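# Let me see the structure of the following:
(one chain, ligands or ions: 1)
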Amino acid sequence: MKPYVRMLAAAPIVAGLVLAWSGTALMEQVQVQLAPLPAAPELKLSEEQLKQAMAVVRVGRRLTPKSWPNGAKVAVNIGYDVDNMGVARGAPLPVAASGGEYGAVEGVPRILALLDKYQLPASFYIPVSSAVLNPEMIPLIQKSGRHEIAPHGWVHEAAASINSAAEEERLLKQSLDYYEKVLGKRPVGFRAPGWGFSQHSIEALKKSGVLYDSSMMGLDEAYELNSKGQPTGIVELPVEWILDDAPYFGEAGALPSPELIFKVYRDEFDVAYTEGTLCMLTFHPHVSGRRSRIVEMEKLFQYIKSKPNVWVATSAEIAAYVKQNAGKTN
Ligand SMILES: [Zn+2]
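Numbers count the residues shown, from 1 in each chain. Purely as a prediction, here's the structure:
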């Protein structure tokens, strides 16, 4: 036996001794620090139960059409979640509320002026509470005739904490009724507050008769939502946190350079353009309506406008189009 072979042969014994010692020490520490964990129920699930556990909402048919309108290479939606004064965030104290109010009184007008400058359409998802507190936003948004308004909850409520199918249905119907009354036509889409679905949300959406939802993250392109193995007929226009300004700029994530973040948006757009699919952008007026950020938003709009064959549209227009013309990739 050569020397290095003897060393290799001895190695497991040495390693075992070290492991036994450190393992014993570790176990003593664990026993001191942790109470026994309850048995995880998912460990007992069968194959069929595993599938059923995740069947409430799944990715269905891909809906990218063979071509976009006028031979466009990509569809883009500029979305604004108008979460100004979130009553659902536990009735915030006045200073925090004023930071949200900024979105209504400074952010929205500044953003609308920018959209007018570039003649771009956008979708505004507004909790009813935000519309009630700053009703002057609605005619401002409606003025150009290019933009869409759709509900984003009643008070930006978290669906998972409602814990009632009937209550979710009531809040969604009440929100759609409110906007039908205010806008003169019923919205055709919905974006869940905080992009949160409960186990009941999909049923509430099905009953509401909306054309599309924009809260899920299953694909980069438009798709149909499936529930319990069945197509629901609801178009999903998926969002993503990396295309949302709030995690980057919000209270917990104040990053110094809007320029770097908007580079992420430009790269996301570029790949969507190459792949011929969809780019869904999400901004908040109280976040990106601020001066240093609107500079970068304008550069992004200039960049998108500089590319040939781009279809910038409302989510309602994109959803209606893919519903009619699906079939490029499936
Ligand atoms: Zn929101």
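# all contacts plus neighbour counts: C-alpha atoms, from now on.
Noted.
# Kindly report the residues of the stretch 51-200 of the chain close to the ion.
Proximity of the stretch 51-200 of the chain to the ion (CA under 5 Å from the ion) is limited to residues 193-194.
# For the stretch 51-200 of the chain, give me the ranges with low pLDDT.
86-91 (pLDDT under 70).
# where do the strands sit along it?
All strands of the stretch 51-200 of the chain, identified by DSSP state E, counting those that start in this stretch, fall at 58-62, 74-81, 123-126, 148-151, 189-190.
# List of residues touching the last one?
In this structure, residues lying in contact with strand 189-190 by CA atoms under 8 Å, 6 or more residues apart in numbering are 125, 150-152, 210-214, 315-316.
# the helices in the chain, which residues?
Taking DSSP state H as the criterion, the chain carries its helices at 3-33, 47-53, 94-102, 108-117, 128-133, 137-142, 159-162, 165-183, 201-208, 245-249, 258-275, 285-288, 291-306, 315-325.
# can I get those in JSON lines with mean neighbour count and distance to residue 76?
JSON lines is the format used below for these (neighbours: other CA atoms under 10 Å; distance: least, CA to CA, whole Å):
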{"stretch": "helix 3-33", "mean neighbour count": "11", "distance to residue 76": "52"}
{"stretch": "helix 47-53", "mean neighbour count": "11", "distance to residue 76": "34"}
{"stretch": "helix 94-102", "mean neighbour count": "15", "distance to residue 76": "26"}
{"stretch": "helix 108-117", "mean neighbour count": "17", "distance to residue 76": "14"}
{"stretch": "helix 128-133", "mean neighbour count": "20", "distance to residue 76": "25"}
{"stretch": "helix 137-142", "mean neighbour count": "15", "distance to residue 76": "19"}
{"stretch": "helix 159-162", "mean neighbour count": "15", "distance to residue 76": "28"}
{"stretch": "helix 165-183", "mean neighbour count": "17", "distance to residue 76": "24"}
{"stretch": "helix 201-208", "mean neighbour count": "18", "distance to residue 76": "24"}
{"stretch": "helix 245-249", "mean neighbour count": "19", "distance to residue 76": "16"}
{"stretch": "helix 258-275", "mean neighbour count": "16", "distance to residue 76": "8"}
{"stretch": "helix 285-288", "mean neighbour count": "26", "distance to residue 76": "18"}
{"stretch": "helix 291-306", "mean neighbour count": "16", "distance to residue 76": "9"}
{"stretch": "helix 315-325", "mean neighbour count": "20", "distance to residue 76": "9"}
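# on that earlier part again, any chance of the strands of the stretch 51-200 of the chain in CSV, with mean neighbour count too?
Listed next are the strands of the stretch 51-200 of the chain as CSV, based on neighbours: other CA atoms under 10 Å:
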stretch, mean neighbour count
strand 58-62, 19
strand 74-81, 24
strand 123-126, 26
strand 148-151, 25
strand 189-190, 27
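# Make TSV from those and add distance to residue 246 to it.
Listed next are those as TSV, based on distance: least, CA to CA, whole Å:
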stretch	distance to residue 246
strand 58-62	25
strand 74-81	10
strand 123-126	15
strand 148-151	19
strand 189-190	19
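# do you know which of the ones you listed lies nearest residue 296?
Nearest to residue 296, of all the strands of the stretch 51-200 of the chain, is strand 74-81, at 14.2 Å by CA to CA.
# what does the model give the residue nearest to the spatial centre of the chain for pLDDT?
For the chain, residue 239 is the residue whose C-alpha lies nearest the centre (CA atoms, centre = their mean; 3.8 Å). Note for residue 239: predicted pLDDT of 98.
# dump the residue contacts of it.
By CA under 8 Å, 6+ apart, the contact list for residue 239 reads 214-217, 280-282.
# pLDDT and neighbour count added to these, as JSON lines?
JSON lines is the format used below for the contacts of residue 239 (pLDDT from 0 to 100; neighbours: other CA atoms under 10 Å):
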{"residue": "214", "pLDDT": "98", "neighbour count": "22"}
{"residue": "215", "pLDDT": "98", "neighbour count": "20"}
{"residue": "216", "pLDDT": "97", "neighbour count": "20"}
{"residue": "217", "pLDDT": "97", "neighbour count": "15"}
{"residue": "280", "pLDDT": "98", "neighbour count": "24"}
{"residue": "281", "pLDDT": "97", "neighbour count": "23"}
{"residue": "282", "pLDDT": "97", "neighbour count": "22"}
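# which ones among those residues are found in strands?
280-282 (DSSP state E).
# ok, so of those, who is nearest the ion?
Of all the ones in strands among the contacts of residue 239, the ion sits closest to residue 282, with 9.8 Å by CA to the ion.
# That closest one pairs with what?
Note on residue 282: beta-bridge partners residue 79, residue 244, judged by DSSP bridges.
# close enough to count as contact, it and residue 242?
No. Taking contacts as CA atoms under 8 Å, residue 282 lies outside contact range of residue 242: 9.4 Å.
# Which of the helices of the chain sits closest to residue 72?
Nearest to residue 72 among the helices of the chain is helix 258-275; the distance by CA to CA comes to 9.4 Å.
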